[in-house]
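Asker: Curious how this folds, go ahead:
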Amino acid sequence: MNEDEFLRRHRLTSPASPDAVKEPQVVFKIASKLKPEVETISLAHNNLTSGRMMSTLAHYLPKLANLSLEGNKLSGWKEIDYISGKRGRLSQLRELVLVGNPMRDLEFKNNRAQQYKSEIARRFPSLEILDGEPVARVGFDAPAPSASTSTRSHTMLSSFAWSMEPSFIAGVDGAIVSNFFMRYFPLFDNQRGALLDVYAPDATFSFSANTAIPPRARIEGIHVSKEFPNQRKLEWTPWLSGGLGGSRNLGRMTGGLQKVTQSLHLGNEQAVKAMADLPATRHDVAGSPEKFSVDAFPIKQGERTNLLITVHGQFAELPSEGIRSFDRSFVLAIAPEGSRARQSGWDVVILSDQLVVRAYSSHEAWRPGPMRVQAGDLLPSPALQQALSNVPEPQRLLMQDLILRTRLNLQYAEDCLKNNDWDLERALANFEQVKGNLPADAYLPQDAFLP
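Answerer: This is a model prediction of the structure:
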């Protein structure tokens, strides 16, 4: 259209021009008046860089069946959204040609041809031919109700309904939290006596040791793995009986009231002395922040508003270099003017400190994203999560679970669920019936899932 002699002669803006606003709408409106109804349009080789000019195509030509966009310069999926989104979808499109566009070329260049085909098929459920090739589909017919009683009483989900979120810090300046940790842990590792001033005179400190190996770590074999050769060097005795009072695990504690009181350290001097009697540690908070998860928010305690901070992470125990996991809960208050904490440069003062030391389990447990129910279950890659984000709730969670359990691509997963009234149990049963007839491209590649 940019080369059209009539448009040039009359100095008219081409509908394909980036500057065109109303021109495409006028063209499509005129086309909508033609008889018989327009079913085929070619916008090939028009140097289109945006899909904006097609935004009214579905409005004026809702029965459009064949569309060629060959040889243009459409570079991203957002350009296709103009004709595949909720407001402008060409719901009766049977054939689409995108050959010669950067977005298609890039997918093929990066060995993502199948993902490209699946994504287009998902966006246009009625599509039969893409780039001159048939769109492979296998119908999912809802299985007939069985008279027999199912041996499976419920569906086992592969991921939890809620995803793991990043660290949660609310109601407080994040700089206060980060500054506290960046100063506290290096001193705890190298000079525990220097922590005396940050603890309030009436502060409390306790610690407990949980010696059980977490189920996830046991399944993954972390504590016998060659990747963690120092785990066998670790001993629990210094944590169970050290710290001038021993582990304060009230559920397993023996020794009566005396043991209970000895394991709770009152005052900053007693707290620091107890810490000094614990094994040496190294917390890599600066070098590996992803290995720590922090939640922080204000809490009301009587008439005062304080700050609760919980941190989950890991440290290396010295000198063995074995790794342990830990949970630590601090209750902090703003350091009063003139206090020893303020004079020593601390913004806050510690009112309470509870430390739990555990057998090591990977920090992958709090990586943001879907959470495995069982070790070894598949999880979607970031790219697959992004593709699923376009699907509304609650269908997204059903599609995700079906995909994780069958490896079906998005289009096949959606078809399977739609034809089974979005009943996951029925969809899985239907998949088992037809999986032998599904083509190879009905399944997602391995890189669509996390290892």
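Asker: use CA for all of it now, contacts and neighbours both
Answerer: Fine.
Asker: any idea how far the most centrally placed residue in the chain lies from residue 450?
Answerer: With distances taken as C-alpha atoms, centre = their mean, residue 369 lies nearest the centre of the chain, 2.3 Å away. With the distance defined as C-alpha to C-alpha, to the nearest Å, residue 369 ends up 11 Å from residue 450.
Asker: tell me the mean pLDDT for the helix or strand where residue 108 lies?
Answerer: Using DSSP states H and E, residue 108 sits in helix 102-109. The average pLDDT within helix 102-109 is 93.
Asker: Please list the residues outside the helix or strand just after that helix that contact it.
Answerer: Going down the chain from helix 102-109, the next helix or strand is helix 113-123, by DSSP H and E. Residues from elsewhere that reach helix 113-123 (C-alpha atoms under 8 Å, 6 or more residues apart in numbering): 84-85, 104, 107-108, 127, 130, 135, 409-411, 414, 441, 444.
Asker: do the same with stretch 203-219
Answerer: Residues contacting stretch 203-219 (C-alpha under 8 Å, 6+ apart): 223, 236, 239-240, 246-249, 263-268, 271, 350-362, 375.
Asker: Report the buried members of these.
Answerer: By neighbour count, with 16 or more other C-alpha atoms under 10 Å, the contacts of stretch 203-219 hold 223, 239-240, 246-249, 263-268, 271, 350-362 as buried.
Asker: Restricted to strands, list those residues.
Answerer: Counted as lying in strands by DSSP state E, out of these, are 265-266, 350-359.
Asker: Report how many residues lie close to residue 174.
Answerer: 13 (other C-alpha atoms under 10 Å).
Asker: How about residue 336?
Answerer: For residue 336, using other C-alpha under 10 Å, the count is 13.
Asker: what do you get for residue 45?
Answerer: Neighbours of residue 45 using other C-alpha under 10 Å come to 16.
Asker: in this structure, what spans have low per-residue confidence?
Answerer: Scanning the chain for pLDDT under 70 picks out 1-21, 136-162, 251-256, 370-378, 451.
Asker: Could you identify the longest strand within it?
Answerer: Per DSSP E, the chain has its longest strand at strand 304-318.
Asker: And the helix or strand that that strand is followed by, what does it pack against?
Answerer: From strand 304-318 onward toward the C-terminus, using DSSP H and E, the following helix or strand is strand 322-334. If contacts are counted by 3 or more C-alpha pairs under 8 Å, 6 or more residues apart in numbering; DSSP states H and E, strand 322-334 sits against strand 304-318, strand 348-359.
Asker: Can you pull out the residues in contact with the helix or strand that comes right after strand 322-334?
Answerer: Going down the chain from strand 322-334, the next helix or strand is helix 340-343, by DSSP H and E. Residues outside helix 340-343 that contact it (C-alpha under 8 Å, 6+ apart) are 197-199, 335-336, 347-349.
Asker: mind redoing it with 10 Å?
Answerer: Contacts with helix 340-343, where a contact means C-alpha atoms under 10 Å, 6 or more residues apart in numbering, come from 195-201, 334-337, 346-350.
Asker: follow-up on the earlier one: please enumerate the shared neighbours of residue 369 and residue 450.
Answerer: Looking at what touches both residue 369 and residue 450 (by C-alpha under 10 Å, 6+ apart), the common residues are 379-382.
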